[in-house]
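Participant: got a predicted structure plus its sequence, pasted below:
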Amino acid sequence: MITSTWSLRRVHAVDDAQIDGLADVLIDCVEGGASVSFMHPLTREHAAAFWRRVAQGVGAGERALLIAEDARGVCGTVQLILDQPENQPHRADLAKMLVHRRARRQGLGAALMHAAEATARECGKTLLVLDTASDDAERLYERSGWTRVGVIPGYALLPKGGLCATTVFYRNLGG
């Protein structure tokens, strides 16, 4: 059994140190080839600007942000986009689940998923949706009880170029 070396929590306000740590995780994931909406090389300024926009959404209650930290700082994160159209108040999008390469294979991805689902329930959400371009993430989502809807070929570019498909999943949380 793996003993976790990180802690996980929801943040309701994001400070500069957290933005810096989140930028580190995003840059690491893009450098590692993750298709997470950014191209390589990802500058620190561009990554920090993204997280400042996320912080505004968190402050406005439009997003829930969970952060995992280890002895070296932020090592993982996931978001729930809570602000949905008025005919979808029961739904949230799970977005930007990122785990720094130093923290992988320690159960952090599964912990982030479970925490995101619990947070969604606390926020009154009963349906979650996500898309992913990662085979590793697909296996995690399926093990976590998510239902695979299908694959969209040629959906996005990989960080260093070339098209990749995305797989869409949903999770019914009950209710």
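Facilitator: Sure, I can see it.
Participant: which other helices and strands contact the helix or strand bottoming out on mean pLDDT in the chain?
Facilitator: Across the helices and strands of the chain, the lowest-confidence element by mean pLDDT, DSSP states H and E is helix 135-143, at a mean of 93. Contacts of helix 135-143 with other secondary structure elements, assessed using 3 or more CB pairs under 8 Å, 6 or more residues apart in numbering; DSSP states H and E, are made with helix 108-122, strand 127-132, strand 147-157, strand 163-172. Quick note: C-beta positions are derived from backbone N, CA and C, even for glycine.
Participant: burial count for residue 91?
Facilitator: As a burial measure, residue 91 scores 18 neighbours (other CB atoms under 10 Å).
Participant: now do the contacts for it.
Facilitator: 84, 125, 126, 127, 128, 129 (CB atoms under 8 Å, 6 or more residues apart in numbering).
Participant: so how far is residue 100 from the second one?
Facilitator: Using CB to CB, to the nearest Å, one obtains 27 Å as the distance from residue 125 to residue 100.
Participant: equivalent analysis for residue 18, please.
Facilitator: Using CB to CB, one gets 14 Å for the distance from residue 18 to residue 100.
Participant: which residues are in contact with both of the two?
Facilitator: residue 74.
Participant: looking at these two, which is more packed in?
Facilitator: Each of residue 18 and residue 100 has its neighbours counted (other CB under 10 Å); residue 100 has more, 24 against 19.
Participant: dump the residue contacts of that one.
Facilitator: For residue 100, the contact set (CB under 8 Å, 6+ apart) comprises 24, 25, 28, 29, 74, 75, 76.
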